[in-house]
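> Okay, sequence plus prediction incoming.
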Amino acid sequence: MDILFKKNEISNDAVLIVGIYEDMILTKTAKKIDALLKGALVRALKIDNFSGKSGDLYDFIALGILPVKRLLCVGLGKKNEMNELKAQNVGAYAANALLTSGETAVAFAVDDLPAAAVGFGAKIASYRFTKHKTIFKKPVTVKEFYILSETAQAAQNQYEPYFAVAKGIHTARDLVNEPSNVITPIAFANRAEELQKYGLKTEVYDPNQLKAKGLNMMLGVAQGSINPPRLVVVQWRGCPDDKNTHVVIVGKGVTFDSGGISLKPAKGMEEMKEDLAGAATALGVLQTLAMRKAKVNAAAVMAMVENMPSGTAQRPGDIVKSLSGISVEIINTDAEGRLILGDALWYAQERFKAPIVIDLASLTGAIIVALGTQYAGLFSNDDDLAKKIEKASVDSGEKVWRMPLDDSFDEEILSDIADIRNIATTDHAGASITAAAFLKRFIMPQTKWAHLDIAGVALRNKDLVLDPKGASGFGVRLLNRYIKDNLEKHS
C-alpha cells in the first residue's frame, strides 16, 4: 500500500476518513461533513454510542448525500493527549479497517494530526506476508492511502524518514516470516547483498574463513546442518570522513532451531524459523540508516547458522574454544544462540572497536515467562546506555524492561572441566539472566554493551494495532530512534 500526500480535496472516488476526539470534538473536516448533513453525522454517532476513544470506528454509508463514496470516522482519543505515537495508532486503525474492504483508494483528512506519523502507522500496519498464498478469504484491496493535508509537501518531506523505517521493518518481517527452506544462512547473506543498492557495504564469510578466524562456537552450532553458516557484516558509513565506527549491532541468526541433539518438542517447532529475528532486525536497522542517509557510522554483524541434529551435530558434553579464547562446555545444544553471539560479539569488538555494541536475539523462553509478549528484556553493563535505550523505547513505542545483570550470576555458568558452560547449573532459574551473563563474558572492558532478548516480541500470535500476526520487526524503530537521538551528527 502506497502512502501519498495531497492537499485537502474531497473526492467521490475514494473513501474519506475523518477523525473525532473524545467528548464529540470534531476535527475541521468532520465539522464540514456534519454541516453538509445538517447535524446528522453527530446524531448518528451518538445513537451508535461512538465514544471517540482511540480506535473507535464508525462506518457511514453516504448513499449519495455526501460528495464522497463512503465515510469512516476514527476515534482519536483525548485531544490534549494526541502525540506522534497516538497518531501512528490512528493511522493503523484506519488502514486496518479498510485494507480488505474492497476499496482501492482511501483518503484520510488529518487536519491537526501529525500527518507523517499517521501515514507511518498506516504503512506498517498494512503489511501482509502473502508471498506463498494463492487462496484469500479477504484479499487486500487498498493500493493507495492518501493523506489529505493543507501542508502536503511539508508532510511528504517529514514522511521520508518514516518511510525508511517502514522499509527496514518490512525487510525484518519478510526475513522472519519466510520459511526455513527459503531463508537459509546463504539466502540471508544474499538478501543482505541485495541491500547494497542503498549504499551499504556487505561482506560474507564462509566456513573456511570462519575457521581461519577462529569462530569455533559458531561453527560448532552449524556443524549438524547441510546448510553451511555465514557471517554477514554490513556497514553504513554516513560520516565518510570519520574513520571510527560509532555503534555495532550484533544479531542472532538461527534460520531454523530444532534444538540440535537436545531436540525441542514437536509442538510449536514450526515457529523456530523466527530464531533469526535478531539478525533480521539488525539488517533492517542498517537499511533504515542507509535509506535516510543518517550521519553515523554503523555496522551490523549477523551470525547465520541452522541448528540441526545429525551424525555430525555438536553433542552435549563437547568443549569448544571460542574466538575470545574462552573454552565452553556444551551442556545443552538448544542453548545455541549465546554460542554464536559470543563469537560474533568478540569479532565485532576486535574488528570495529566501536564504543557501543548492542545485540538482539530471540534468546530465551524465560524472558517470556518474566515479561510476557509486550516487553523485550534489556540487559546492560552501562547505566547511561541503558537509560538512553529506555528513553528511545518510550519515544518509539517499542517497549523494553531492564533486567538485573550483576556479578552474582557469573558463578552459575562456571564449568568443572572448561572455563564456562553454555547453560547455568540452576537450569531454569533466572535463565534469561544467566544467558545474558554468558554473553557478558565476551564483552571487552572498554565496551558499553546492551543485550535485547526479543524472544517474546519478535513474533505476534495475533494482530496488534501496528503489528499484523507474524513477525513484528521489533527493534528497528527502537534502535533507529536510539541512534538518531544519541549518535548522529546533526548539522
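Received the coordinates, thanks. Worth saying up front: this structure is predicted, and the values here are computed from it rather than measured. Numbers count the residues shown, from 1 in each chain.
> hey, let's count contacts and neighbours off CA atoms from now on
Noted.
> How are the helices of the stretch 51-200 of the chain distributed by residue range?
Using DSSP state H, counting those that start in this stretch, the helices of the stretch 51-200 of the chain run over 84-98, 115-125, 152-177, 185-194.
> Burial-wise, tell me which of those helices comes out on top.
helix 115-125 (a mean of 27; mean count of other CA atoms under 10 Å).
> coming back round to it: export the helices of the stretch 51-200 of the chain as a markdown table, with columns for distance to I3.
Formatted as a markdown table, the entries for those read as follows, by distance: least, CA to CA, whole Å:
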| stretch | distance to I3 |
| --- | --- |
| helix 84-98 | 11 |
| helix 115-125 | 6 |
| helix 152-177 | 9 |
| helix 185-194 | 24 |
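> Ok, which of the ones you listed comes nearest G19?
Ranking these by their distance to G19 (criterion: CA to CA) puts helix 84-98 first, at 8.6 Å.
> before we move on, back to that, I'd like the helices of the stretch 51-200 of the chain as JSON lines, with mean pLDDT and distance to N216 appended.
Written out in JSON lines, the entries for the helices of the stretch 51-200 of the chain read as follows (pLDDT from 0 to 100; distance: least, CA to CA, whole Å):
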{"stretch": "helix 84-98", "mean pLDDT": "97", "distance to N216": "44"}
{"stretch": "helix 115-125", "mean pLDDT": "98", "distance to N216": "39"}
{"stretch": "helix 152-177", "mean pLDDT": "97", "distance to N216": "26"}
{"stretch": "helix 185-194", "mean pLDDT": "98", "distance to N216": "17"}
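> what's the closest of these to L210?
Distances from L210 to each of those were compared using CA to CA; the minimum, 13.6 Å, belongs to helix 185-194.
> Just want the angle from the closest one to helix 152-177.
In terms of direction (axes from the mean of the first three to the mean of the last three CA atoms, to 10 degrees), helix 185-194 departs from helix 152-177 by 160 degrees.
> Off-centre distance for helix 185-194?
Centroid separation between helix 185-194 and its chain, computed with CA atoms, centre = their mean, to the nearest Å, is 18 Å.
> next one: stretch 185-195
Its chain's C-alpha centre lies 18 Å from the corresponding centre of stretch 185-195 when counted by CA atoms, centre = their mean.
> CA atoms only: put it into PDB for me.
The C-alpha trace of stretch 185-195 is given here as PDB (Å, rounded to 0.1, in the frame of the first residue of the first chain):
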ATOM      1  CA  PRO A 185      22.200 -18.800   6.000                       C
ATOM      2  CA  ILE A 186      23.300 -18.400   2.400                       C
ATOM      3  CA  ALA A 187      19.900 -17.000   1.300                       C
ATOM      4  CA  PHE A 188      20.000 -14.500   4.200                       C
ATOM      5  CA  ALA A 189      23.500 -13.400   3.000                       C
ATOM      6  CA  ASN A 190      22.200 -12.900  -0.500                       C
ATOM      7  CA  ARG A 191      19.400 -10.700   0.800                       C
ATOM      8  CA  ALA A 192      21.900  -8.600   2.600                       C
ATOM      9  CA  GLU A 193      24.000  -8.200  -0.500                       C
ATOM     10  CA  GLU A 194      20.900  -7.000  -2.400                       C
ATOM     11  CA  LEU A 195      20.600  -4.100   0.000                       C
END
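> got the contact list for it?
By CA atoms under 8 Å, 6 or more residues apart in numbering, the surrounding residues in contact with stretch 185-195 are 175, 202-204, 227-230, 232, 234, 253, 255, 283, 287, 304-306.
> among these, which are in strands?
T202, E203, V204, R230, V232, V234, G253, T255, M304, V305, E306 (DSSP state E).
> burial measure for the second one, as a count.
Spelled out, that is E203. 14 (other CA atoms under 10 Å).
> I'd like to know which of the contacts of stretch 185-195 are buried.
Neighbour counting with 16 or more other CA atoms under 10 Å marks 175, 202, 204, 227-230, 232, 234, 253, 255, 283, 287, 304-306 as buried within those.
> Which one of those residues is nearest to G91?
Looking at the buried ones among the contacts of stretch 185-195 and their distance to G91, the nearest is Q287, at 23.5 Å (CA to CA).
> a strand runs through I3, doesn't it?
Yes. Under the criterion used here (DSSP: H, G, I helix; E, B strand; the rest coil), I3 sits inside a strand.
> Return the per-residue confidence for it.
What the model reports for I3 is a pLDDT of 97.
> sorry, back to before: of the buried ones among the contacts of stretch 185-195, just say which sits nearest to S149.
Minimum distance to S149 across these is 28.7 Å, recorded for Q287 (CA to CA).
> so what's the residue nearest to that closest one when sequence neighbours are not counted up against?
Excluding its sequence neighbours, the residue lying closest to Q287 (CA to CA, 6 or more residues apart in numbering) is G168, at 5.6 Å. G168 makes contact with T281, L283, G284, V285, L286, Q287, T288, V476, according to CA under 8 Å, 6+ apart.
> same deal with A431?
For A431, the contact set (CA under 8 Å, 6+ apart) comprises T364, A366, I367, A424.
> For the third one, which non-adjacent residue is closest in space?
The spatial neighbour of I367 that comes closest, neighbours along the chain excluded (CA to CA, 6+ apart), is S432 at 5.6 Å.
> helix or strand for the one you found, which one?
Secondary structure from DSSP states H and E places S432 in helix 431-440.
> and the next helix-or-strand element following that helix, what other elements does it pack with?
Scanning the chain past helix 431-440 towards its C-terminal end, the next helix or strand to appear is strand 448-453 (assignment: DSSP H and E). Counting contacts by 3 or more CA pairs under 8 Å, 6 or more residues apart in numbering; DSSP states H and E, strand 448-453 is packed against strand 356-361, strand 376-380, helix 383-396.
> and after the first one, which helix or strand comes next?
Later in the chain than strand 356-361, the nearest helix or strand by DSSP H and E is helix 366-371.
> in that next one, what counts as buried?
In helix 366-371, counting by 16+ other CA under 10 Å, buried: A366, I367, I368, A370, L371.
> what's E144 in contact with, if anything?
When contacts are counted by CA under 8 Å, 6+ apart, E144 is found next to M1, D2, I3, L4, T104, A105, V106.
> what do you get for T202?
For T202, the contacting residues are A192, E193, Q196, V232, V233, V234, Q235, taking CA under 8 Å, 6+ apart as the criterion.
> at 7 Å what do you get?
A192, E193, Q196, V233, V234, Q235 (CA atoms under 7 Å, 6 or more residues apart in numbering).
> Would you check how far apart the closest residue to it other than its chain neighbours and L323 are?
Nearest in space to T202, with sequence neighbours left out and distances taken as CA to CA, 6+ apart, is V234 at 4.4 Å. When distances are taken as CA to CA, to the nearest Å, V234 and L323 turn out to be 20 Å apart.
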